[in-house]
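> let's see this in three dimensions:
(one chain, ligands or ions: 1)
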Amino acid sequence: MDTSFTELDQLVSLISTSVADLKAEYHPPKGLQQAVLVIQGACAQLSALVAPPQHTITIRGMDFLTSACLNVAVNAKVADHLLDNIDGLHVSKLAALTGIGQVNLSRVLRLLATKHIFREVSHNVFANNRLSITLLSYSPMSSLTGLCTDEILHSSTALYETITDPDPDNNLTAWSRSMKYPGPVWEWYQKVDPARAKRFGSAMTGFSSVVTFESTLYGFPWKTQPLGTKVCDLGGGVGHVSMHLAKACPQLHIVLQDLPHTIEQAKPLWQENASDIFCGQRVEFVPIDFLKGSPVSGCDFYFMKNVIHNWSDGDTNIIFSNIKQAMKSTSRLLIQEFVIQHVSREAAPGKPDSNDTSKVDLPNLLHGFISCPSPQAPEPLLPNYGEGRILPYYLDIAMMSFINSKERTLDEYRELGKYSGFELVKVWDCGETDIIEYKPVD
Ligand SMILES: C[S@@+](CC[C@H](N)C(=O)[O-])C[C@H]1O[C@@H](n2cnc3c(N)ncnc32)[C@H](O)[C@@H]1O
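Next up, the predicted model:
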C-alpha cells in the first residue's frame, strides 16, 4: 500500500505542477500542450488507482452509452435549440422542439451533463457549455460526432467476431458484418446512403480542426525552405492544409493531387479563398489515383497528411512505390500521422534497454529541431500519457473496425518505408501527430 501512496502523491504533484505550467505557459503552445496532456493523463490514472476496480471496469464497459447519448443530442440538434437560451431551457420546451419525450430527453441530457457536455443549470433546465457548443449542427464537429456515434459505433459491435474469424480469406470488415453489407463502406455511402456520405465529408473537415493546420506549419521547417520549393500535397483533399502552408510560406509552390472529383472541388475554393496564389500560379491542380500512377515528378517534398492510416501495408507499398518513381534523389517523403506508442516504458537515453541498440537514440531520432513534449510522459504516468493521449488508440480501433486499416508505431513506419525503398531519417514533433521524414534509398 505504501507504494500506492507514493504513486498517489506523485500523481497529485504532477497535476499541481502541470496546472501551474498551464497558467504560466498559456501562450507558448508546446508548454501548454504538455501540461494539458499530463493533467488529463494524471487525473485518469489517479481515478483508476483509487476507485474500486469493479466500479471502474463497469464504468468502462458502459462508456458506449455516452456515445449513444451524444448521438441523440446531435440528431435532435439540442445544442442549436439552446443557442439563444444562455440561461437554459426547460426540458419540456426542448421536448417540443426535438420530438423526444421530456422524461427520456432529460435522462439523456443528465448523463451528458454528468460528463461535462451541457449544464443542468436548475432542475430539468439545460444550457450549452464549451463542450456542447461544438455540437452545433452547422459545425463539422457535429458531423464528426455523428460519424463516431453512428457508423463507427455500429462497426465496433462486430469487432470480436471479425477478428476471431478463422477464415483468412474473409476480409469482411466489422462494419460490413454489423451492417450486413458485403462491400466496403465507401460503396455503401455511394449506392445506399448519400446523406451519410455527405456527413462523412463534413466529418473529415471536423477532424482537421482536431489535428490543426498549425501542427503541420510549426512541426516542420517549411518557412526556411528556399524560394521555389515544390511541395506535392498528395491525397490533400481540397487543399485546406496546403492552402494555409502556401499563405504562410510565400516561397512554396504547391502541387495539389487527389482523386479527380476532389480536385475539381478544390479549384473554385482556391480561387475564392487564395486568389493571389491561384492567379499567381503558385498552385497546380493535378488529379491522380495514387494506387494506379505516380504523382508529379521532381517535387522537393511529397507530403501526405492523415492518408496512409487509411491503407493496408500492401496498398501503402503500392502508393510509396509510385511516389518513389517520381522522386529525385534529394526529394523527401513526409507522412503526417498519429504514431502509436507502446504502453511500456523505453529505457532512458544512455541506458540501453537489454541488447536492442536500435532503440538507444530513440529520443534524438524521435524529435526534430523544435522543443517538444517529452517523448515519454514523466513517471509515474503511463509513458504514452494514458488518457491524455487516448485519441490515436481510439482511431486505431476505429480504423480496424471500419476499413481494416490502422494507426502505426514508429517501428511499423520504419518497416513500411524500408519495404518500399525508403529510409526513415527523422521524426518531427507536431504535437498529437508527427511528421515522418523518409529519403529514397537504392
Ligand atoms: C482522410 S483524407 C485526408 C485529406 C487531407 N490530407 C487532410 O489531412 O485533411 C484522405 C484523402 O485521400 C484521398 N484519396 C483516397 N483514395 C485516393 C486515391 N486512390 N488517389 C488519390 N487520393 C485518394 C481522398 O480523396 C481524401 O482526400
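> and this protein, which residues reach the ligand?
Proximity of the chain to the ligand is confined to 204, 208, 235-237, 241, 258-259, 262, 288-291, 305-307, 310 under the rule Cβ under 6 Å from any ligand atom. The C-beta positions use only the backbone N, C-alpha and C, and glycine is treated the same way.
> can you tell me which of those are in helices?
Among those, the members falling in helices (DSSP state H) are Met204, Ser208, Val241, Thr262.
> ok, and the closest non-adjacent residue to the first one?
Take Met204 and drop its neighbours on the chain: the residue closest to it by Cβ to Cβ, 6 or more residues apart in numbering is Gly237, 7.1 Å away.
> number of nearby residues for the one you found?
Residues within reach of Gly237, counting by other Cβ atoms under 10 Å, total 23.
> ok now do it, which residues does it touch?
Neighbouring residues of Gly237 by Cβ atoms under 8 Å, 6 or more residues apart in numbering: Met204, Asp258, Thr262, Ala266.
> which parts of the stretch 201-350 of the chain are helices?
Here the stretch 201-350 of the chain has its helices, by DSSP state H, counting those that start in this stretch, at 213-219, 240-248, 260-273, 275-279, 313-326.
> what's in contact with the fourth one?
Just to be clear, that refers to helix 275-279. With contacts defined as Cβ under 8 Å, 6+ apart, helix 275-279 is touched by Met243, Ala246, Lys247, Ile254, Lys267, Trp270, Gln271, Val283.
> for the ligand, state which of those is nearest.
Using Cβ to the nearest ligand atom, the shortest approach to the ligand within the contacts of helix 275-279 belongs to Met243, at 11.1 Å.
> pLDDT below threshold where in the stretch 101-250 of the chain?
Filtered on pLDDT under 70, the stretch 101-250 of the chain yields the residue ranges 168.
> where do the strands of the stretch 251-400 of the chain begin and end?
Ranges of strands within the stretch 251-400 of the chain are 252-257, 283-285, 301-305, 332-337, 339-340, based on DSSP state E, counting those that start in this stretch.
> now do the last one: which elements does it pack against?
It stands for strand 339-340. Secondary-structure packing of strand 339-340 (3 or more Cβ pairs under 8 Å, 6 or more residues apart in numbering; DSSP states H and E): helix 391-403, strand 408-409, helix 410-419, strand 433-440.
> which of those sits most buried?
Burial of those is given as mean neighbour count (mean count of other Cβ atoms under 10 Å); strand 433-440 ranks first at a mean of 22.
> list the neighbouring strands of that strand plus their orientation.
Sheet partners assigned to strand 433-440 using DSSP bridges are listed as strand 332-337 (antiparallel), strand 422-430 (antiparallel).
> so which of those strands is the most packed in?
Counting by mean count of other Cβ under 10 Å, strand 332-337 has the highest mean neighbour count of those, with a mean of 23.
> I'd guessed Gln265 sits against Val238; true?
Yes. The criterion here is Cβ atoms under 8 Å, and Gln265 meets it with Val238 at 5.3 Å.
> these two: which is more packed in?
Taking neighbours as other Cβ under 10 Å, Gln265 and Val238 compare with Val238 leading, 22 against 14.
> what's near enough to touch that one?
Asp258, Thr262, Gln265, Ala266, Leu269.
> show me the shaky parts of the stretch 251-400 of the chain.
Applying pLDDT under 70 to the stretch 251-400 of the chain flags the ranges 348-374.
> hmm, try it at 80
Low-confidence segments of the stretch 251-400 of the chain, defined by pLDDT under 80: 347-375.
> what sits against Asn171?
Asn171 neighbours (Cβ under 8 Å, 6+ apart): Asn404.
> list the contacts of Val283.
Val283 is in contact with Gly239, Ser242, Met243, Ala246, His253, Ile254, Val255, Leu256, Trp270, Ala274, Ile277, counting by Cβ under 8 Å, 6+ apart.
> bridged to the fifth one, which residues?
In this case it means His253. Bridge pairing for His253 - DSSP bridges - gives Lys230.
> quick one, what contacts it?
If a contact means Cβ under 8 Å, 6+ apart, then His253 has Gly228, Thr229, Lys230, Val231, Arg282, Val283, Glu284 as its contacts.
> quick one: residues contacting the spatially closest residue to His90 that is not a sequence neighbour.
Nearest non-adjacent residue to His90, counting by Cβ to Cβ, 6+ apart: Val125, 5.2 Å away. Listed by Cβ under 8 Å, 6+ apart, the contact partners of Val125 are Asp87, Gly88, Leu89, His90, Val91.
> most surrounded residue in those residues?
Using other Cβ under 10 Å as the neighbour test, those are led by Val91, with 25 neighbours.
> that residue contacts Arg107, correct?
No. Counting by Cβ under 8 Å, Val91 does not reach Arg107; the two are 9.6 Å apart.
> picking that back up, any chance of the helices of the stretch 201-350 of the chain in CSV with distance to Thr173 as columns?
CSV is the format used below for these (distance: least, Cβ to Cβ, whole Å):
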stretch, distance to Thr173
helix 213-219, 29
helix 240-248, 28
helix 260-273, 23
helix 275-279, 39
helix 313-326, 14
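> between these, which one is closest to Asp442.
Closest of the helices of the stretch 201-350 of the chain to Asp442 is helix 313-326, at 10.5 Å (criterion: Cβ to Cβ).
> buried set for the closest one?
For helix 313-326, burial by neighbour count (16 or more other Cβ atoms under 10 Å) applies to Thr316, Ile319, Phe320, Asn322, Ile323, Lys324, Ala326.
> elements contacting that helix?
In terms of contacts (3+ Cβ pairs under 8 Å, 6+ apart), helix 313-326 is packed against strand 332-337, helix 410-419.
> what's the local residue count around the residue of the stretch 1-150 of the chain at minimum distance from the ligand?
Of the stretch 1-150 of the chain, the residue with the smallest distance to the ligand, taken as Cβ to the nearest ligand atom, is Pro140 at 11.3 Å. Using other Cβ under 10 Å, Pro140 has 18 neighbouring residues.
> wait, it touches Ser209, no?
Yes. Using Cβ under 8 Å, Pro140 is in contact with Ser209, at 6.9 Å.
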